[in-house]
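Novice: Pasting the sequence and the predicted coordinates here, then a few questions.
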Protein chains: 2
Amino acid sequence: MYSQSEENYLKAIYHLEESSEKGVSTSKLSEELQTKAASVTEMLKRLAEKKLVNYQKYYGVSLTPKGKSWALAIIRKHRLWEYFLVECLNFNWDEVHEVAEQLEHIQSKKLVEELDCFLGRPSFDPHGDPIPNAAGVLPEFKKRRLSEFKVGDTLICKGFSDASSSFLQFLDQHKIGLDTLLSIKSIQEFDESMLVKVRNNEIMLSKTATQNIFVEIYKESKLKEKV
Amino acid sequence: MYSQSEENYLKAIYHLEESSEKGVSTSKLSEELQTKAASVTEMLKRLAEKKLVNYQKYYGVSLTPKGKSWALAIIRKHRLWEYFLVECLNFNWDEVHEVAEQLEHIQSKKLVEELDCFLGRPSFDPHGDPIPNAAGVLPEFKKRRLSEFKVGDTLICKGFSDASSSFLQFLDQHKIGLDTLLSIKSIQEFDESMLVKVRNNEIMLSKTATQNIFVEIYKESKLKEKV
DNA sequence: AATATTATTTAGCTTTGCCTAAAAATTTTA
DNA sequence: TAAAATTTTTAGGCAAAGCTAAATAATATT
Ligand SMILES: [Mn+2]
Ligand SMILES: [Mn+2]
Ligand SMILES: [Mn+2]
Ligand SMILES: [Mn+2]
């Protein structure tokens, strides 16, 4: 139906719309997709013709309902394949993304639905990212970052916003994964780094790290103020 | 490494080299790939530059060792994916080909090897076609057509040379699949059609059909001559 | 408000892979 | 073996998707 390139643009626009308050600009897209701005402009004109995006020269782009639902279908496939690679094919969570980037473009309604069924209709991929259902609806979940919490809180890891291989390997090294319990021992005031207890080890996490770890509350400390 | 188009050409050349005595011509390729002869000529020049084929203007084409091993790698992926679709995802054997056509181009050494392992290293795909191993070696098997046998012989189905959806559905209707037992009841002299017993039913198979069914001997009749 | 800076778009070029029509080579037939 | 038929190649185009450089619009600065 649409080319791999078109699908990658739709997905990138979707992710940028989610992660930033303002609209999606040509330059942000060109950075995300590692292409030149001129190429982006061209593609946006094509996508607009196909009614997948609203594009106004010089004023950025947004997905139409049609474009959004196509983007969600690609994301669904991407995350289901990642789940398959980790659960069935012994892939590590830091090596699935590249392959899923290819598999997400395979066109077959039946393939996706049977795969979903075969895997037991998972709600989250190996990185904790939500998997849209066949109708494009995301499972309910609350995104709170580790950096928002305070000394004494105990939390469960539910996802990671930086999916880079190096960050995932860093987490592996410290034995932090989905559903790992973390408790905050102390917070350095000057750089907001946290001393965190994980499986009887205490490790230091930079602010960059704590902002990229999504958690749910397991047990909240009674303290009203940060110490 | 190579484009989808290039890979499809390599696969087509491989299949044509296998199935015909003479060399592979531009026109045979253009028919196989549903493209025009002019497009084939161009692609052959590109493939020759990449040392994947031996191409001599006006005198056809053949695979180099490099081209052959790449073709076998694609065929390996194609057949492993078909096996996966049938065994794990409830696909019927007549609906796997199109999807495998896409999946065969996914690039990941680890993916193929893990998939092979996950599936239990199968030797034949759902149509009975042999699956090359990681080194590109095909499992031993002897191809004899049902049409070669005589009245009284009992045979086991081992494959089909026409993989069209309509032929596969015809086989389904008559409950003929891999490892089905067939015994030859009679052969019409004028058109060489066969009356064959399958699971207590007798069905008539045209010569076209019997030529497209590969079998192994289960029990040979004592008759020396056709009746 | 005018100018400087930055972002975006346009223009023109490239590669891949396909097409049609014309030319050239090969093969068949007489 | 020469003419006819067929096959293959060449020439010239087109669309997708990228690029660089130049032009233009929007935003920031003075
Ligand atoms: Mn991913
Ligand atoms: Mn992709
Ligand atoms: Mn197939
Ligand atoms: Mn293919």
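Specialist: Perfect, thanks for sending it. Ligands and ions are numbered 1, 2, ... in the order given.

Novice: alpha carbons only for contacts and neighbour counts from here, please
Specialist: Fine.

Novice: how about the residues of chain A that lie near DNA strand D?
Specialist: By CA under 7 Å from any atom of the strand, the residues of chain A that approach DNA strand D are A:3-6, A:34-40, A:43, A:58-59.

Novice: mind checking how far the strand or helix carrying residue A:216 is from the chain centre?
Specialist: Using DSSP states H and E, residue A:216 sits within strand A:213-219. Chain-centre distance of strand A:213-219: 17 Å, with CA atoms, centre = their mean, to the nearest Å.

Novice: Contacts for it, please.
Specialist: A:142-147, A:153-161 (CA atoms under 8 Å, 6 or more residues apart in numbering or on different chains).

Novice: can we see that at 6 Å?
Specialist: Residues outside strand A:213-219 that contact it (CA atoms under 6 Å, 6 or more residues apart in numbering or on different chains): A:143-146, A:153-160.

Novice: about what we covered before: could you give me the ChimeraX selection string for whichever of the residues of chain A next to DNA strand D are buried?
Specialist: Of the residues of chain A next to DNA strand D, the buried ones go into a single ChimeraX selection, burial set by 16 or more other CA atoms under 10 Å in any protein chain shown:
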select /A:6,37,40
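
Novice: which ones among the residues of chain A next to DNA strand D are found in helices?
Specialist: Those of the residues of chain A next to DNA strand D mapping onto helices are A:4-6, A:37-40, A:43, per DSSP state H.

Novice: could you list every residue that touches residue A:210?
Specialist: With contacts defined as CA under 6 Å, 6+ apart, residue A:210 is in contact with A:146-147.

Novice: Whichever strand or helix holds it - what's its average pLDDT?
Specialist: Assigned by DSSP H and E, residue A:210 belongs to helix A:207-211. On average, the pLDDT along helix A:207-211 is 95.

Novice: can you give me the strands for chain A?
Specialist: A:53-55, A:61-63, A:144-145, A:154-160, A:181-187, A:194-198, A:201-205, A:213-219 (DSSP state E).

Novice: And stretch A:180-197, what's buried?
Specialist: A:181-187, A:193-197.

Novice: export those residues to JSON lines and tack on distance to DNA strand C and pLDDT?
Specialist: Shown next, in JSON lines, are the buried residues of stretch A:180-197 (distance: CA to the nearest atom of the strand, whole Å; pLDDT from 0 to 100):
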{"residue": "A:181", "distance to DNA strand C": "41", "pLDDT": "92"}
{"residue": "A:182", "distance to DNA strand C": "39", "pLDDT": "94"}
{"residue": "A:183", "distance to DNA strand C": "40", "pLDDT": "93"}
{"residue": "A:184", "distance to DNA strand C": "38", "pLDDT": "95"}
{"residue": "A:185", "distance to DNA strand C": "40", "pLDDT": "93"}
{"residue": "A:186", "distance to DNA strand C": "38", "pLDDT": "93"}
{"residue": "A:187", "distance to DNA strand C": "35", "pLDDT": "95"}
{"residue": "A:193", "distance to DNA strand C": "30", "pLDDT": "95"}
{"residue": "A:194", "distance to DNA strand C": "33", "pLDDT": "94"}
{"residue": "A:195", "distance to DNA strand C": "37", "pLDDT": "95"}
{"residue": "A:196", "distance to DNA strand C": "38", "pLDDT": "96"}
{"residue": "A:197", "distance to DNA strand C": "41", "pLDDT": "94"}
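
Novice: circling back: what angle separates the strand holding residue A:216 from strand A:181-187?
Specialist: Counting by axes from the mean of the first three to the mean of the last three CA atoms, to 10 degrees, strand A:213-219 lies at 100 degrees to strand A:181-187.

Novice: quick one: strands adjacent to strand A:213-219?
Specialist: strand A:144-145 (antiparallel), strand A:154-160 (antiparallel) (DSSP bridges).

Novice: Most tightly packed of those?
Specialist: strand A:154-160 (a mean of 22; mean count of other CA atoms under 10 Å in any protein chain shown).

Novice: Need the strands paired with strand A:213-219 in a markdown table (columns: mean pLDDT and distance to residue B:120).
Specialist: Formatted as a markdown table, those follow (pLDDT from 0 to 100; distance: least, CA to CA, whole Å):
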| stretch | mean pLDDT | distance to residue B:120 |
| --- | --- | --- |
| strand A:144-145 | 90 | 42 |
| strand A:154-160 | 92 | 33 |
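
Novice: okay if I get those as a markdown table plus distance to residue A:13?
Specialist: A markdown table is the format used below for these (distance: least, CA to CA, whole Å):
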| stretch | distance to residue A:13 |
| --- | --- |
| strand A:144-145 | 23 |
| strand A:154-160 | 20 |
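
Novice: residues in contact with the lengthiest helix in chain A?
Specialist: The longest helix of chain A (DSSP H) is helix A:65-88. Under the criterion CA under 6 Å, 6+ apart, residues A:10-11, A:52, A:91, A:96, A:100, A:104, A:125-126, A:131-132, A:136 lie in contact with helix A:65-88.

Novice: now, the most widely separated pair of those residues?
Specialist: Farthest apart among the contacts of helix A:65-88 by CA to CA are A:52 and A:91. That separation is 34.0 Å.

Novice: Those two - which one has more neighbours?
Specialist: Looking at residue A:52 and residue A:91 with other CA atoms under 10 Å in any protein chain shown, you find the greater number of neighbours at residue A:52, namely 22 against 17.

Novice: Contacts only, for that one.
Specialist: With CA under 6 Å, 6+ apart, residue A:52 has these contacts: A:64, A:66-67.

Novice: Most neighbours among those residues, which one is it?
Specialist: residue A:67 (23 neighbours).

Novice: For that one, give me the pLDDT.
Specialist: 98.

Novice: How about the residues of chain A by DNA strand C?
Specialist: A:25-28, A:37-42, A:56-60.

Novice: Please repeat the previous calculation with a cut-off of 6 Å.
Specialist: Residues of chain A lying close to DNA strand C by CA under 6 Å from any atom of the strand are A:25-27, A:37-38, A:41, A:57-58.

Novice: Export these as JSON lines, with columns for pLDDT.
Specialist: Shown next, in JSON lines, are those (pLDDT from 0 to 100):
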{"residue": "A:25", "pLDDT": "98"}
{"residue": "A:26", "pLDDT": "98"}
{"residue": "A:27", "pLDDT": "98"}
{"residue": "A:37", "pLDDT": "98"}
{"residue": "A:38", "pLDDT": "98"}
{"residue": "A:41", "pLDDT": "98"}
{"residue": "A:57", "pLDDT": "96"}
{"residue": "A:58", "pLDDT": "97"}
